[in-house]
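quick one: sequence and predicted model below, then my questions.
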Amino acid sequence: MSEHAHIDPSNKKVALIIAILALCLAISETLSKAYQTEVITKQVEASNLWAFFQAKSIRKTSTEIALESLQATAQPNDAKAEELIKKWSVAVKRYDTEPETGEGRKELAARAKKAQQLGDVANHKYHNLEISSGMLQVAIVLSSASIITNVMLLAWFAGGLGVVAVGFGLFAMFGGAFLI
């Protein structure tokens, strides 16, 4: 036996494949976590907007009940009652829609639905990137196994799986935009 074992040049190529797969895995995992955070953020935003919507609905309903009660019991030519009826009628309309501030019920519902939709897109991207990450992990294991066993077919399969995983990750990042 010689002191220096012969290094198979194909092992260097497989090591390069492993390095590239690991880089792609790191990118995929980082983006996946970013989308996971986006999902949570959009869920919180949508929940907050729906809570605000419910508060506006309660205010609107309470004001409508007070308005109807006042209209039913107001005496003719009661200036104070007429002033309140006018004020509460304006408030009921404002609770329903307030385009200048975006805080009417209609605007809040639209904003909440948009936040939910963006959260759904981020969730779709997150899950697809997680699948891509899993495929890249399997490809790294197969590449490592090819070095140990000297079965180059495993390296070729790992490279192919890595290409599919990267394609899947690219689709996750750029192909999910159609859901918006």
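Looks like it arrived, so ask away. Residues are numbered from 1 along each chain as shown.

what about the most centrally placed residue in the chain, helix or strand, and which?
Closest residue to the average C-alpha location of the chain: residue 122 at 2.5 Å, with Cα atoms, centre = their mean. When elements are defined using DSSP states H and E, residue 122 is found to belong to helix 105-149.

quick one: contacts of the following helix or strand past that helix?
The first helix or strand that comes after helix 105-149 along the chain, using DSSP H and E, is helix 152-174. Contacts of helix 152-174 from elsewhere in the structure, counted by Cβ atoms under 8 Å, 6 or more residues apart in numbering, are 10, 13-14, 17, 20-21, 24, 27-28, 31, 124-125, 127-129, 131-133, 135-136, 138-143, 145-147. Where you see a C-beta, it was placed from the backbone N, CA and C, and this is true even at glycine.

helices and strands around the helix holding residue 122, which ones?
Taking 3 or more Cβ pairs under 8 Å, 6 or more residues apart in numbering; DSSP states H and E as contact, the helices and strands that helix 105-149 lies on are helix 9-73, helix 79-96, helix 152-174.

out of those, deepest packed?
For the helices and strands packed on helix 105-149, average neighbour numbers computed from mean count of other Cβ atoms under 10 Å are highest in helix 152-174, which has a mean of 18.

so for it, what's the average pLDDT?
Mean pLDDT, taken over the full extent of helix 152-174, equals 92.

tilt between that helix and helix 105-149?
Helix 152-174 and helix 105-149 meet at an angle of 170 degrees, taking axes from the mean of the first three to the mean of the last three Cα atoms, to 10 degrees as the criterion.
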